[in-house]
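Colleague: below: sequence and its predicted model.
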Amino acid sequence: MDIQLFNESPFKTIISFHKLIESFEEIALSNVDYRANYAKAILKEIEPIPEFRTGIQDFSIIKNNEALIKNLLADLFPTALTQNEIKAVTIPFQNISFNYTDRFKKILRNAGDEFYMEIRDFDDHQFYINNCCLILNNYYNQKIDFNKPFFYDIPDEDGVEKHYRILYNADFMEIIPTENAVELTQDDIDLLFDNYNDLELWKSKFPKGSWILKGFGIVSLFDATTESAISNLKSNLLKPDSKTVATDEIVTNIFKSIFKIPDLRVGFIIYNPEEEKFIRPAKLDNQLKSFLLAKDQEVDCKNAFFGCSFENLLDNKEPFVISNVKKFIEESSNKKLGEHLLRQGIQSCVFAPVIKNDHLLGVIELVSGNAREINSVNATKLELVLPYLTDTIDRYNTDMQHQVEAIIQREYTTIHPSVYWKFKKESQNYFQNNNPIKDYIFKEIVFKNVYPLYGQIDIKGSSEHRNETVKTDLKSQLTTLLEIFDNQKPNANLVLLEQRKFELESLRNELDFPLKADTEQQIQRYIEEEIHPILKNTKGNAINEKLEEIYFETLDEKTGLFYQERKKFDNAMSIINKKLASVLDKKQIEAQQIYPHYYERFKTDGVEHNLYIGASISPTKPFDIMYLHNLRLWQLQTLCEMELEHHQLKESLPYELDVTSLILVFSAPLSIRFRMDEKRFDVDGTYNARYEVVKKRIDKSNIKGTKERITEKEKITIVYSQNSEEAEYLKYIKYLQHKKILEPSIEQFEVEDLQGVSGLRAIRVKVINNSTNPVAQKITYQDLLDELN
């Protein structure tokens with residue numbers, strides 16, 4: 001007998017056989033002698049135990065009278081069916097059971113002494129309300145369909161979990177109210193129907209122990225392992241969040257239940273049709289392993305590893321079954337696959353294609369450590385689960401495609417979140433109005449009446465520095481080659497050496513003059529075609545061979561040239577750009593709180609940025625010109641911070657590359673249009689194009705009447721055209737001078753006329769650089785390299 005009671009119940013449970021005894025009393029009075037005599041014998045046998053009729057509250061009475069109870073219930077538990085039926089006496093929803101059939105006893109015995117039988121996913125809340133619903137249906141004549149399928153999960157002797165569906169028969173039970181029972185109105189019942197989750201409300205209408213449940217019920221189980229396991233698999237596979245998809249252990253246990261194989265293991269690989277490869281995505285490591293790709297992340301479908309074994313699977317989309325791996329190795333030409341499986345302890349297996357719309361999505365792998373446990377007969381069970389696997393893998397591929405597109409948009413395009421809503425709206429219009437008969441014409445993405453802000457921080461003299469490093473590396477390489485030639489043994493057969501030495505010296509002398517556009521390519525081609533063949537085809541002394549070895553090790557793999565100085569320069573450029581872009585991006589997150597605006601930046605020989613702000617970019621938020629002034633001050637402060645960041649880097653870099661900063665002020669609103677051909681925003685209209693012309697040329701222009709550039713290191717130049725703009729920025733400068741960010745002196749001058757543009761003026765002011773600045777900190781070059789990599 002198994003007894004485990006819930007803590008609280010609206011019922012006071014009394015086990016009684018009174019209804020069954022009353023039926024025996026009717027039979028005893030019948031005219032059918034053998035039935036009447038049988039009933040009289042049963043009644044006489046139970047007469048000494050009145051609790052069978054009045055009610056049993058002491059469960060020891062049941063335990064002490066098991067044989068008598070079995071005789072009393074013989075009509076309900078036929079001896080002929082005891083090996084087939086899974087039945088017992090119980091109280092519905094409660095873990096009280098006794099008088100098991102032989103098959104039920106065997107199931108519990110195989111589960112082990114420590115097994116505790118309880119209804120799956122059935123908690124105290126459900127127990128209490130289900131009992132209340134019994135009262136509503138039986139006493140108040142309500143028609144509540146509250147019975148969902150109930151299951152017992154019971155392991156067999158091999159540890160494979162089996163699932164049994166529970167059916168209750170409550171014909172021999174009655175429900176009786178006590179004096180503590182609450183009389184319910186229809187309004188009360190309606191209130192309960194609308195508040196399933198309010199347990200306290202239900203307890204107030206059905207207080208604990210306020211009703212009597214008298215009699216007994218019969219529980220019948222049937223083996224629903226396959227159906228339940230498939231349902232569990234479907235539930236796990238269809239979860240929307242990939243992070244909650246079933247783990248390897250959960251899926252394996254489900255398949256064990258379906259196939260009834262204790263040591264069954266499950267694997268999976270995905271098919272990539274573009275490359276005709278089987279792949280093992282790293283993100284599935286914690287979910288399903290693979291036995292075909294135990295080590296490799298991907299393998300070509302035509303790889304010799306699969307041989308002709310997988311031809312039927314790939315071409316005819318049919319499962320590939322190996323019922324005996326050892327025999328497969330002996331008889332098949334593809335011993336490599338068989339030995340690979342055997343090393344993993346696999347003796348039988350099936351590899352089944354997952355197909356949708358005649359396209360291969362992947363392969364499900366079922367393997368066992370025993371020969372013939374998996375075979376072509378039981379492999380047909382895969383037909384029960386493959387539809388769910390197909391939908392899941394198809395959903396995985398679709399999700400992956402969406403995520404790839406999202407990554408491309410985030411990492412490789414310039415659609416900023418502030419304007420994403422408009423692209424999304426147009427895409428939705430296309431999706432909702434797309435007609436196969438008529439082509440949809442995309443509307444242009446235009447934002448009208450927006451105010452532009454442009455700024456840049458440029459690395460001064462970057463072209464000159466780059467040319468100098470190229471010359472230094474080329475001179476070093478040519479000098480090394482001359483040193484190798486000088487150490488060559490005199491050889492009458494190689495009189496060409498002297499000519500090559502002369503040519504190398506001539507090339508080195510040319511590098512004393514300004515570098516031409518094609519000088520580097522000419523020297524590279526000359527060395528590869530004329531010098532390297534000589535080095536590779538002549539033998540020298542030990543010293544010379546060592547020099548040649550060091551020389552070839554020093555060459556850059558891509559260019560075949562010395563790359564030491566240029567690498568330092570390129571690293572310095574990358575570090576500056578990365579640091580300054582990082583400052584700008586971080587500050588831009590704060591700036592979006594001022595008012596949502598479009599933002600883009602570019603890394604060249606420095607960092608440029610464009611901002612556009614206006615009501616059309618954020619139509620749900622009222623726009624005021626105050627937001628533009630706020631953003632202009634933010635831009636000036638941010639450039640000051642970028643200047644300070646660069647100042648801290650200078651000492652740590654191999655080259656003290658200076659930077660110049662510039663802001664272009666433009667107060668007239670303009671329109672920007674997304675150019676579909678170039679996949680970027682551009683200023684719209686002929687008049688507004690003047691702004692773009694100024695942007696491209698302003699940083700190389702001079703102070704009017706002089707040869708001096710308008711930009712200067714460690715200073716910020718603000719270019720404008722209107723008096724109101726001048727007054728506005730002078731106020732900002734005065735404020736930042738007060739904050740000890742800018743130096744007191746200010747330069748003001750006119751800018752030389754550009755092509756088609758005149759009347760520009762500029763303010764130039766220096767940023768205060770000192771060690772007391774909050775962003776100042778000691779940085780080493782190695783730290784910067786580590787961060788860059």
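Modeller: Received the coordinates, thanks. Predicted model only: the values in this text are computed from it and were never measured. Residues are numbered from 1 along each chain as shown.
Colleague: contacts and neighbour counts: CA atoms only from here.
Modeller: OK.
Colleague: quick one: distance of the lengthiest helix in the chain to the chain centre.
Modeller: Longest helix in the chain, counting residues (DSSP state H): helix 382-412. Taking Cα atoms, centre = their mean, to the nearest Å, the mean C-alpha location of helix 382-412 is offset from the chain mean by 12 Å.
Colleague: report the rounded mean pLDDT for that helix.
Modeller: This predicted structure assigns helix 382-412 an average pLDDT of 73.
Colleague: list the buried residues in that helix.
Modeller: When neighbours are counted by 16 or more other Cα atoms under 10 Å, the buried residues of helix 382-412 are found to be 382, 385-386, 388-394.
Colleague: ok, stretch 330-344 next?
Modeller: Within stretch 330-344, the residues that qualify as buried are 334-335, 337-342, counting by 16+ other Cα under 10 Å.
Colleague: straight-line length of it, end to end?
Modeller: End-to-end span of stretch 330-344 (Cα to Cα, to the nearest Å): 18 Å.
Colleague: what pLDDT, on average, does it get?
Modeller: Rounded mean pLDDT across stretch 330-344 is 86.
Colleague: for stretch 533-552, same thing?
Modeller: For stretch 533-552, the per-residue pLDDT averages 79.
Colleague: so which residues make contact with that stretch?
Modeller: 480, 484, 487-489 (Cα atoms under 8 Å, 6 or more residues apart in numbering).
Colleague: can you rerun that using 10 Å?
Modeller: Residues lying outside stretch 533-552 but in contact with it, judged by Cα atoms under 10 Å, 6 or more residues apart in numbering, are 477, 480-481, 483-490, 494, 496-497, 500, 527-528, 532, 553-554, 560-562.
Colleague: please apply the same query to stretch 372-385.
Modeller: Residues outside stretch 372-385 that contact it (Cα under 10 Å, 6+ apart): 226-227, 229-231, 233-234, 255, 258-261, 263-264, 319-325, 347-352, 364, 366-368, 389.
Colleague: just the ones of the residues you listed in helices?
Modeller: 226-227, 229-231, 233-234, 255, 258-259, 325, 389.
Colleague: what is the most widely separated pair among those residues?
Modeller: Across these, no pair lies farther apart than S231 and V325, at 31.6 Å, counting by Cα to Cα.
Colleague: can you lay out the buried residues of helix 382-412 as CSV showing distance to L43?
Modeller: Output for those, formatted as CSV (distance: Cα to Cα, whole Å):
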residue, distance to L43
L382, 55
V385, 54
L386, 57
Y388, 56
L389, 59
T390, 62
D391, 61
T392, 61
I393, 64
D394, 66
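Colleague: can you pull out the helices in the stretch 451-600 of the chain?
Modeller: If DSSP state H, counting those that start in this stretch is used as the criterion, the helices of the stretch 451-600 of the chain fall at 462-486, 496-510, 519-526, 532-537, 542-554, 564-591.
Colleague: tell me the bridge partners for V607.
Modeller: Taking DSSP bridges, one obtains I457, K603 as the residues bridged to V607.
Colleague: coming back round to it: pick out whichever of S231 and V325 has more residues nearby.
Modeller: Applying other Cα atoms under 10 Å to S231 and V325 shows that V325 carries more neighbours, namely 26 against 15.
Colleague: nearest to K621, out of the helices of the stretch 451-600 of the chain?
Modeller: Proximity of the helices of the stretch 451-600 of the chain to K621 was assessed by Cα to Cα; the nearest stretch is helix 564-591, lying at 15.5 Å.
Colleague: closest one of the buried residues of stretch 330-344 to D190?
Modeller: The closest of the buried residues of stretch 330-344 to D190 turns out to be L341 (Cα to Cα; 62.8 Å).
Colleague: so what's the closest one up against?
Modeller: When contacts are counted by Cα under 10 Å, 6+ apart, L341 touches 291-292, 294, 325-326, 335, 347-349, 367.
Colleague: burial count for N272?
Modeller: Taking other Cα under 10 Å as the criterion, the count of residues near N272 is 17.
Colleague: what about the closest residue to it other than its chain neighbours, how many neighbours?
Modeller: On the basis of Cα to Cα, 6 or more residues apart in numbering, the spatially nearest residue to N272 that is not a chain neighbour turns out to be F278, at 6.1 Å. The tally of other residues near F278 (other Cα under 10 Å) stands at 23.
Colleague: kindly export the helix or strand harbouring E174 (C-alpha atoms) in CSV.
Modeller: For E174, the enclosing helix or strand under DSSP states H and E is strand 173-177. Backbone C-alpha positions of strand 173-177 (Å, rounded to 0.1, in the frame of the first residue of the first chain) are rendered in CSV as follows:
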residue,chain,number,x,y,z
MET,A,173,-17.6,7.4,-4.3
GLU,A,174,-20.0,10.1,-2.9
ILE,A,175,-19.5,13.7,-1.8
ILE,A,176,-21.2,14.8,1.4
PRO,A,177,-21.1,18.4,2.9
